[in-house]
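Q: Attaching a predicted model along with its sequence, questions to come.
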Amino acid sequence: MKRTLFIISLFLSAAYVYSGQMPIGEITAREYTDSSRQMSDKKAVLKYDAKSKTTYVYFEDVMGDYAMVLSEKAKNEFLALCKKFFEITDGQADSGSKKQARLGIITTSLYFSNGSKWYMSKADVPVFISFLPQAESEYDMALSFGRAVSMKNKSILRSPSDRYITQEELRHLVEILSAGKRP
């Protein structure tokens with residue numbers, strides 16, 4: 001009986017891994033809401049697709065969830081900007097300066113929901129990445145997304161809201177992306 005259960009669970013696990021995206025981590029990314037004039041915590045789930053060697057960072061959004069699609073190239077560019085972020089935060093702490101700065105831009109695809117359907121954009125969506133001082137020795141990385149257009153239907157558009165990731169959560173995100181946590 002135990003052997004049968006083991007074999008069944010092995011097949012189910014293999015089917016799950018083969019089926020596409022596998023969760024590899026989770027962080028919290030904040031969103032500013034105009035109505036409440038404050039930041040609210042939103043979950044961001046990271047999933048990896050072994051077949052396409054792509055990482056998806058899914059963000060919760062009231063207008064419909066979306067994912068920043070990171071190919072290996074885009075992931076490496078993002079990690080380089082994260083490294084730059086930490087170099088600046090270390091320097092800011094030493095100098096006491098509170099300057100906001102744009103770190104760079106990556107260009108990627110967005111995978112986004114519209115109603116109950118999901119759509120993929122071309123890999124032409126700019127993601128503007130900035131260094132944003134918050135308070136004494138507290139800094140966020142700001143992600144500002146350009147407009148995404150569905151490849152299947154040009155009338156389906158998405159302009160995701162900005163996300164703000166604290167230093168602590170960004171360190172966790174970098175660990176997940178760098179660790180090679182792959183199924």
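A: Thanks, I have the structure now.
Q: For Ser130, which non-adjacent residue is spatially closest?
A: Spatial nearest neighbour of Ser130, chain neighbours left out: Ala142 (4.3 Å); criterion: C-beta to C-beta, 6 or more residues apart in numbering. For the C-beta atoms, the positions are set from N, CA and C on the backbone; glycine is no exception.
Q: Doesn't that neighbour belong to a strand?
A: Yes: using DSSP: H, G, I helix; E, B strand; the rest coil, the secondary structure at Ala142 is a strand.
Q: List the contacts of it.
A: Shown in contact with Ala142 (C-beta atoms under 8 Å, 6 or more residues apart in numbering): 128-132, 162-164.
Q: Pick out whichever of the residues you listed sits closest to Glu60.
A: Looking at these and their distance to Glu60, the nearest is Arg163, at 10.0 Å (C-beta to C-beta).
Q: Does that closest one touch Ile27 like I think?
A: No: counting by C-beta atoms under 8 Å, Ile27 is not a contact partner of Arg163; they are 10.1 Å apart.
Q: Common neighbours of the two, please.
A: By C-beta under 8 Å, 6+ apart, Arg163 and Ile27 have these common neighbours: Ala44.
Q: And the spatially most central residue of the chain, which helix or strand is it part of?
A: By C-alpha atoms, centre = their mean, the chain has its centre lying nearest to Val57, at 3.4 Å. Counting by DSSP states H and E, the element that carries Val57 is strand 54-59.
Q: do Glu87 as well
A: Taking DSSP H and E as the definition, one finds Glu87 inside helix 72-95.
Q: And Val69, by the same measure?
A: Secondary structure from DSSP H and E places Val69 in strand 66-70.
Q: Which residues does the closest residue to Gly20 other than its chain neighbours form beta bridges with?
A: Nearest non-adjacent residue to Gly20, counting by C-beta to C-beta, 6+ apart: Asp49, 5.5 Å away. Asp49 has these beta-bridge partners by DSSP bridges: Gln21, Thr54.
Q: Number of residues surrounding Asp49?
A: Neighbour count for Asp49, taken as other C-beta atoms under 10 Å: 14.
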